[in-house]
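Participant: turn this into a model:
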Amino acid sequence: MNKQNTKIVLDTSIFVNPDSRQFFGKSPREALVGFIKIIKTKNNLSCYIPPSVYQELIKFTKELPADKDILIKKKSPASYQDSIPALLFYEFIDETRARINKGLRITEKYTRQGLKKEDNREAAQELIQSARQEYRIALREGILDSKEDFDLILVAKELEAYLATSDKGLIKWAQKLGIICLSAEELKSLIFNPRS
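Facilitator: Okay, here's the model as predicted:
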């Protein structure tokens with residue numbers, strides 16, 4: 001990408017995930033403010049965020065810095081114009097079905113264990129919590145699980161931009177479309193040493 005046209009689409013995880021935000025600040029708000037302070041001095045960067053992701057970010061940061069709209073542009077995906085390869089949807093459907101089946105097996109496993117411990121309320125409660133955690137991992141980790149994730153992919157594809165995220169599912173599916181993903185550490189490095 002040309003130094004004058006480095007485009008970055010930002011995911012909430014860069015500012016919210018503790019492992020990611022440490023490169024810009026201690027809290028989600030501090031990380032966003034720190035990021036904005038850095039990009040204020042850079043003329044060769046254009047940062048974007050889909051409106052749906054912007055709303056998500058507000059929930060974590062409460063109030064956003066006044067100059068964020070100038071430095072981070074809200075960009076909706078051209079949902080009716082973008083085309084996504086059908087093969088990607090086939091893969092998504094296959095993976096979703098496999099995850100649902102895996103979730104069903106987890107539920108069955110914990111139900112059987114729970115029936116054996118029905119007289120022990122505390123043990124049953126621990127089983128429910130373990131089942132919930134394992135089920136959540138099986139169904140949600142490593143997959144696109146929100147419209148916000150899909151908006152990020154569409155905007156990054158449309159703009160031919162980098163996608164800054166720490167979401168493993170988002171990275172996996174974005175890379176299938178040839179989108180270059182950046183971790184928070186790589187994002188910070190890119191900001192200070194733009195690629196030519």
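
Participant: mind checking how far the closest residue to Tyr110 other than its chain neighbours is from Ala123?
Facilitator: In this structure, Tyr110 finds its nearest non-sequential neighbour in Ala131, 3.6 Å apart by C-beta to C-beta, 6 or more residues apart in numbering. C-beta: built from backbone N, CA, C; applies to glycine. Look at Ala131 and Ala123: by C-beta to C-beta, to the nearest Å, they are 13 Å apart.

Participant: scan this protein for its longest helix.
Facilitator: For the chain, the longest helix by residue count, based on DSSP state H, is helix 86-116.

Participant: for the most centrally placed residue in the chain, give me its contacts.
Facilitator: Nearest to the geometric centre of the chain sits Asp167, at 4.1 Å (C-alpha atoms, centre = their mean). Asp167 sits next to Asp11, Ser13, Asp149 when contact means C-beta atoms under 8 Å, 6 or more residues apart in numbering.

Participant: buried ones in stretch 176-187?
Facilitator: Ile179, Cys181, Leu182, Ser183, Ala184, Leu187 (16 or more other C-beta atoms under 10 Å).

Participant: so where's this structure shaky on pLDDT?
Facilitator: 1-4, 63-70, 79-82, 86, 89, 115-119, 121, 124, 139-145, 194-196 (pLDDT under 70).

Participant: 50 instead?
Facilitator: For the chain, the stretches with pLDDT under 50 are 1-3, 196.

Participant: can you list the domain ranges for it.
Facilitator: Domains of the chain are assigned by automatic domain parsing as 3-82+147-192, 86-140.

Participant: which pair in the buried residues of stretch 176-187 spans the largest distance?
Facilitator: Farthest-apart pair in the buried residues of stretch 176-187 is Ile179 and Ala184; separation 16.7 Å (C-beta to C-beta).

Participant: from the contacts of Asp167, pick the one nearest Glu95.
Facilitator: Set against Glu95, the nearest of those by C-beta to C-beta is Asp149 (13.9 Å).

Participant: shouldn't that closest one be in contact with Ile171?
Facilitator: No: assessed by C-beta atoms under 8 Å, Asp149 is found out of contact with Ile171, at 10.3 Å.

Participant: these two - which one has more neighbours?
Facilitator: Asp149 (22 against 18; other C-beta atoms under 10 Å).
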